[in-house]
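Novice: missing the sequence, but the structure's below:
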């Protein structure tokens, strides 16, 4: 009997031991599952945070792009509507800009601005009495030769003028609406807005800001001789076969008049659309301009004489103003 009881106690102890081991295994498995689930939850949380962070970065970048585009669109809309941009250079910036272009109070500073390939360098050379290949002439070519403002003193020392070739907006990583301030055009005494084929938003921006700074401007269309010849060809003229001088002269006059009318109408419409008061457009060619400057008598003149006289008049007006201010200062 005692042996039976001992056997039963041993069996119970073994069962209890087995149950304890089973419970330990279940608890260990449960703990492992909980640890795995916690690790997966942490991983999911980390992944979600990474996704949220990436999404936030993308949203910030998108917001920056939206703000930049909105600022550009607003500025361009303001330029079109004739609203003056608020951005103005500080006195320190003006002083630094004048030093950079070697501005001198006793000289008159002409800036020629426009898109690359429009003939800026050729016009500057002609105004200085030089041909494009002459020594000391500004480099020319369809490709913009420099990304910085180039300064050219007048070849004739009797005329205290300095000419500046302003890089075309298309050659620089500068939006049209920032071009005026970026190129520091506010320091020049007179600005020639030169174009070849069409008037651009950059031209409009320059004119708008020149009004704001009260800087005299001249709108000039270049390469008139080339454009007139192209129109003559469209009218049936062939330089290789044409022997009739009277017909040639008639075609030239018709093409010339058509080119003048088209140019004036195009500029007038562009100014009107931008809410800028109408102003004269000067139509020229470099060869005729050079002859006028050198006091020759070119046959095919359009506005070269009028342009030269206008620019000389601007310089004279400034000279009188400076002399008057100097005299008033000495009299005090």
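Specialist: Alright, I've got the coordinates. Here the structure is a predicted model, which means the values were calculated and not measured.
Novice: how about the strands in the stretch 151-300 of the chain?
Specialist: 161-165, 190-195, 217-221, 281-283 (DSSP state E, counting those that start in this stretch).
Novice: want to throw the ones you listed into CSV with mean pLDDT, distance to residue 227 and mean neighbour count?
Specialist: Placement of C-beta: from N, CA and C, glycine included. Shown next, in CSV, are the strands of the stretch 151-300 of the chain (pLDDT from 0 to 100; distance: least, C-beta to C-beta, whole Å; neighbours: other C-beta atoms under 10 Å):
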stretch, mean pLDDT, distance to residue 227, mean neighbour count
strand 161-165, 93, 22, 22
strand 190-195, 95, 12, 24
strand 217-221, 96, 8, 23
strand 281-283, 96, 9, 23
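Novice: and residue 260, which of the ones you listed is closest to it?
Specialist: Nearest to residue 260 among those is strand 281-283; the distance by C-beta to C-beta comes to 6.0 Å.
Novice: Can you spell out which helices and strands pack onto the closest one?
Specialist: The contact analysis (3 or more C-beta pairs under 8 Å, 6 or more residues apart in numbering; DSSP states H and E) places strand 281-283 against strand 217-221, helix 245-273, helix 304-331.
Novice: can you do 6 Å?
Specialist: strand 217-221, helix 245-273 (3 or more C-beta pairs under 6 Å, 6 or more residues apart in numbering; DSSP states H and E).
Novice: Deepest in the core, which of the ones you listed is it.
Specialist: Highest mean neighbour count of the helices and strands packed on strand 281-283: strand 217-221, a mean of 23 (counted as mean count of other C-beta atoms under 10 Å).
Novice: what about it, distance to the chain center?
Specialist: Strand 217-221 sits 18 Å away from the centroid of its parent chain (C-alpha atoms, centre = their mean, to the nearest Å).
Novice: now for that strand, which elements pack on it?
Specialist: strand 190-195, strand 281-283.
Novice: Show me what the longest one pairs with in its sheet, parallel or antiparallel.
Specialist: Based on DSSP bridges, the pairing partners of strand 190-195 within the sheet are strand 108-113 (parallel), strand 217-221 (parallel).
Novice: Tabulate those (TSV), appending distance to residue 148.
Specialist: Output for the strands paired with strand 190-195, formatted as TSV (distance: least, C-beta to C-beta, whole Å):
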stretch	distance to residue 148
strand 108-113	13
strand 217-221	22
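Novice: got the residue ranges for the helices in the protein?
Specialist: If DSSP state H is used as the criterion, the helices of the chain fall at 2-81, 91-100, 120-127, 179-182, 201-213, 224-234, 245-273, 286-293, 304-331.
Novice: picking that back up, nearest to residue 212, of the helices and strands packed on strand 217-221?
Specialist: Short answer: strand 190-195, nearest of the helices and strands packed on strand 217-221 by C-beta to C-beta, at 12.3 Å.
Novice: pLDDT weak spots in the stretch 101-250 of the chain?
Specialist: Scanning the stretch 101-250 of the chain for pLDDT under 70 picks out the ranges 141-147, 169-174, 176-177, 239-243.
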